[in-house]
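*Asks:* Predicted model follows, preceded by the sequence.
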Amino acid sequence: MKCMSLRCRISASVAIAATLAVGPVVHAQQSIQVFLSAVDGNGQPVSDLKAEDVNILVDGSVCKTTKYEAIDWPVKLTLMVDNGPVHNDALRQIREALRLFLATLPTDMEVQIVSTDPAPRFIYKAGSDRVKMLSSLDLLIPDGGSPKFIDAMSEATDRINKDKIDKNKEKGNYFPVLMMVGSAGSEGSNARDYQVTRMLKQVVDNAITVHIVMQQNPNRSSDFASGTNQVELGLRLTQMTGGRYEGINSETRLSTLLPEYGKQIAKSAARQSHQYRITCQPTGSGAPKQIAASLMRADVSAALTLDGRIP
């Protein structure tokens, strides 16, 4: 939303926060923490926004700022690729599409690449060496097992959660993005309901954004948990994180589709990596219903979130 006057109000949805159990907005009189992303008229991050330029409002009343800090947390990407039967005949096409995808990302973005079959394994561990990253795609080899969508997603969220548990470690301060190039074959993971529940909680707790491209298979069958298959879970993950889900019928679509995803991730990263984290103390009583921000600068457009996630 672009400021049209000296006071531009940007609302943040507390309803979504409550549904996702995100942030500290739970009880009256408890401190509230929000993330503010600000850009100028050219869409570039604003790096000189001062505390006095921003008022956080809770249900219309000013929330007294107790801490204001600029954060420059990087975005880190985990790319997961299904190398199972659905993709076996088109791995060359997939590798080329993945190269096009990686070419759209910022050259300093940390990326790790995982093949999912017969079990999730790294083919490129976290780094930003573009030459090694591209070479690692040749390690995508055909496998005859069933897709391991759930296993791969669960392992990825577990790793992220472990990174972020120790808040004293600098590496915990980043925004994670998961990108899955999967297939809708019969799911081969051995996960249980509680593991899926844990994964969903970790996605919320760690402000993870999930993007998925799913190769459709007319013979796919339901998997383990509550009649849910990886397509339905994938849709849920992307919807709850603001990510993108695309179902495709042919690998030829990947050469144009994956670069679209890459550009979206790059654009989001440019904004998400430069934000302001604001803590304030509300004065009203009762559980907050709305959080908003008013800006004293007319040259700034801003987005207010509870977890810093900007898909």
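*Replies:* Nice, I can see it. Numbers count the residues shown, from 1 in each chain.
*Asks:* contacts, neighbours, all on C-alpha from now
*Replies:* Noted.
*Asks:* so where's this structure uncertain?
*Replies:* 1-29, 87-88, 166-172, 217-228 (pLDDT under 70).
*Asks:* So which residues of it form helices?
*Replies:* Taking DSSP state H to define them, one finds helices in the chain at 14-20, 91-103, 130-136, 149-165, 193-205, 230-241, 254-272.
*Asks:* Tell me how many other residues surround Lys162.
*Replies:* When neighbours are defined as other Cα atoms under 10 Å, Lys162 has 11 of them.
*Asks:* picking up where we left off before, adding distance to Met109, write the helices of the chain out as CSV.
*Replies:* Converted to CSV, the helices of the chain look like this (distance: least, Cα to Cα, whole Å):
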stretch, distance to Met109
helix 14-20, 27
helix 91-103, 10
helix 130-136, 10
helix 149-165, 16
helix 193-205, 20
helix 230-241, 20
helix 254-272, 9
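*Asks:* Of these, which is nearest Glu52?
*Replies:* The minimum distance between Glu52 and those falls on helix 254-272, with 21.4 Å, by Cα to Cα.
*Asks:* Can you give the contact residues for that closest one?
*Replies:* Applying Cα atoms under 8 Å, 6 or more residues apart in numbering, the contact partners of helix 254-272 are 37-39, 44-45, 73-75, 93-94, 96-98, 100-106, 175, 211, 308-311.
*Asks:* Give me the buried entries from those residues.
*Replies:* Among the contacts of helix 254-272, those buried by neighbour count (16 or more other Cα atoms under 10 Å) are 37-39, 45, 73-75, 93-94, 97-98, 100-102, 104-106, 175, 211, 308-311.
*Asks:* What about the closest residue in space to Val86 that isn't next to it in sequence, how many residues nearby?
*Replies:* Nearest residue to Val86, sequence neighbours excluded (Cα to Cα, 6 or more residues apart in numbering): Ser183, at 6.5 Å. Look at Ser183: counted by other Cα under 10 Å, it has 30 neighbours.
*Asks:* sorry, back to before: tell me which of the helices of the chain sits nearest to Pro282.
*Replies:* helix 14-20 (14.4 Å).
*Asks:* Would you confirm that Arg309 contacts Ala207?
*Replies:* Yes - counting by Cα atoms under 8 Å, Ala207 is a contact partner of Arg309 at 5.8 Å.
*Asks:* any residues in contact with both of those two?
*Replies:* Any residue near both Arg309 and Ala207 by Cα under 8 Å, 6+ apart counts here, and that gives Phe175.
*Asks:* Leu304 against Asn55, yeah?
*Replies:* No - the criterion here is Cα under 8 Å, and Leu304 misses it with Asn55 at 11.6 Å.
*Asks:* Those two: who's more crowded?
*Replies:* Between Leu304 and Asn55, counted using other Cα under 10 Å, the more crowded position is Leu304 (25 against 21).
*Asks:* so who does the nearest residue to the more buried one once chain neighbours are set aside touch?
*Replies:* Ranked by Cα to Cα, 6+ apart and with sequence neighbours excluded, the top spatial neighbour of Leu304 is Leu36, at 4.7 Å. Shown in contact with Leu36 (Cα under 8 Å, 6+ apart): 275-278, 302-305, 308.
*Asks:* now with 6 Å?
*Replies:* Contacts for Leu36 (Cα atoms under 6 Å, 6 or more residues apart in numbering) come out as 275-276, 303-304.
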